[in-house]
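Sharing a sequence plus its predicted fold:
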Amino acid sequence: MSLKSWLQGDSQKSSSFKRKSPETEISDSNSPAKKKIFTKELRQSSFDWYVQDTNGLWHCKLCRENKHDNAYAKGHEVPAKTTNHSRHASSQSHLNAVHRSTMKTQKPMQKLLEAKLHKDDEIALNLLKTAYHIAKRELPKDEKRHMVDYASLLGVELSKSNCNVQYTSSQSVSEFQAALAEVILDDKIKAIQQSEVYSVTLDESTDNGNLKRVIMYAQCVTEHGLEYCLLSNKQISEGSASAKNIVSMVVEELKSKGLDITKLVGLGTDGASVMTGLKGGVVKLLKEHSPTLIGVHCAAHRTALATSQAAKLVPHMESYSRSIASVFRYFHNSALRSNRLRTIQTQLNLPSIKFAEVHSVRWLSLDHTVQVMYRSYPALCMALEKGGNL
């Protein structure tokens with residue numbers, strides 16, 4: 001640097017330190033002195049957990065969320081000093097609150113449980129699908145054990161590998177199917193409840209234990225078409241299968257399912273007098289609960305009645321039906337004759353089938369019986385020739 005430039009720079013510096021003029025000093029002395037205002041600045045970057053609530057109290061939100069009993073959890077009307085913040089941040093109570101809040105945010109155990117439950121849900125879903133398939137195909141419940149073994153060969157996990165319980169017993173299958181039936185029934189009932197009207201089909205019969213039972217189906221029309229479901233299959237425990245007892249069961253069942261009986265507009269029956277009696281039948285008594293109810297005689301039952309009664313007017317059909325029935329009894333009452341018939345069927349390369357019985361209460365059962373007999377007619381003729389007359 002040259003001497004000239006250094007001198008110029010020194011002169012510029014000295015000019016910046018010039019003394020004020022007397023006028024300026026007088027004007028400054030007359031102006032009022034400004035008071036220093038103390039303001040507290042909170043550095044939220046370091047203490048972001050120190051916030052103000054709706055009541056104006058400054059508090060530690062972490063300690064308050066975890067319900068700790070300290071001054072910072074209760075709150076301050078005047079913000080505390082930063083030194084107090086530091087002491088509180090290093091306290092064991094605050095550190096525990098931070099740890100718990102972190103665990104709540106990250107939720108490691110919950111994620112672990114969700115992953116475990118998700119895997120268990122997949123296994124449970126596969127087991128439910130298997131039980132549904134068994135019910136849909138009307139397979140024995142013992143088949144589930146074989147289906148699980150076959151699925152494991154294909155790489156599909158239907159049970160827990162580290163668990164001794166495989167859920168393949170008949171009782172487990174029954175419980176799975178009962179749970180599925182309950183869910184399906186709930187969906188069907190919701191659809192019937194949302195429908196404006198619905199109908200019911202009734203039939204009373206006697207089971208193998210000689211107990212009277214009433215079977216009830218419900219139907220309704222939805223946007224997807226006709227929806228129907230089995231409402232109940234209950235035993236008549238008190239009294240006989242009279243119209244009053246049946247009506248009482250129907251009313252109670254509809255009420256338990258949450259179905260409005262006034263929306264019942266149709267009732268399908270087999271045409272028995274207890275169902276369609278003009279004075280005391282089920283249809284007549286149910287009209288007292290739903291005046292718009294219409295009774296419908298089952299078309300299948302009407303067809304059976306028409307064909308059976310029409311056949312009685314033709315003597316040849318009557319004797320023909322008795323002959324078919326006697327053929328069934330001839331082989332059904334003797335194991336020796338049945339074995340002889342199967343031997344002849346095998347020698348003639350015919351299907352080994354049994355003859356069907358003609359039921360007077362089953363519609364068109366005679367047609368099915370004749371078709372079965374026709375498929376093995378040559379073997380029938382040879383068996384009768386060797387065995388003698390009917």
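Noted; the coordinates are in hand. In this text, all values refer to a predicted model and were calculated from it rather than measured experimentally. Residues are numbered from 1 along each chain as shown.

secondary structure element for E227?
If you go by DSSP states H and E, E227 is part of strand 225-235.

List the neighbouring strands of that strand plus their orientation.
Strand 225-235 has its sheet partners listed here by DSSP bridges as strand 212-222 (antiparallel).

For the partner strand, list every residue counted as buried.
K212, R213, V214, M216, Y217, A218, Q219, C220 (16 or more other CB atoms under 10 Å). For the C-beta atoms, the positions are set from N, CA and C on the backbone; glycine is no exception.

Next: stretch 345-354.
Buried, per 16+ other CB under 10 Å, within stretch 345-354: Q345, L350.

And the helices in the stretch 251-390 of the chain, which stretches?
273-276, 282-286, 299-312, 315-332, 335-347, 365-375, 377-387 (DSSP state H, counting those that start in this stretch).

quick one on the thing from earlier: tell me which residues in the strand holding E227 are buried?
Result for strand 225-235 [16+ other CB under 10 Å]: buried residues E227, C229, L231, S232.

Now flag whichever of the residues you listed is closest to R137.
Each of these was checked against R137 using CB to CB; the closest is C229, at 19.5 Å.

rewinding a little: specify the stretch among the helices of the stretch 251-390 of the chain that is closest to K81.
Per CB to CB, nearest to K81 of the helices of the stretch 251-390 of the chain: helix 282-286, 83.2 Å.

which outside residues touch the closest one?
Helix 282-286 is contacted from outside by 202, 243-244, 246-247, 250, 264, 267, 269, 274-278, 293, 295, using CB atoms under 8 Å, 6 or more residues apart in numbering.

chain center to that helix: distance?
Centroid displacement of helix 282-286 relative to its chain, using CA atoms, centre = their mean, to the nearest Å, is 35 Å.

what's the answer for stretch 188-206, then?
20 Å.

what mean pLDDT does that stretch have?
Stretch 188-206 shows a mean pLDDT of 90.

Could I get the full set of strands for the stretch 151-300 of the chain?
198-206, 212-222, 225-235, 264-269, 294-297 (DSSP state E, counting those that start in this stretch).

what's around A151, how many residues?
The local packing of A151 (other CB atoms under 10 Å) involves 15 other residues.

Repeat that for K188.
18.

Output the below-cut-off pLDDT ranges for the chain.
Flagging of the chain using pLDDT under 70 yields the residue ranges 1-46, 103-120, 157-165, 239, 360-364, 387-390.

contacting residues around the spatially most central residue of it?
Nearest to the geometric centre of the chain sits V183, at 4.0 Å (CA atoms, centre = their mean). With CB under 8 Å, 6+ apart as the criterion, no residue contacts V183.

just H88 next, same as before
Neighbours of H88 in contact, by CB under 8 Å, 6+ apart: C60, N70, Y72, H94.

tell me the SS of T54?
At T54 the chain is in coil, as set by DSSP: H, G, I helix; E, B strand; the rest coil.

what's the spacing between it and G75?
Separation of T54 from G75 (CB to CB, to the nearest Å): 11 Å.

same deal with L285?
72 Å.

For stretch 184-198, give me every contacting residue.
In contact with stretch 184-198 (CB under 8 Å, 6+ apart) are residues 218-222, 227-230, 257-260, 263-266.
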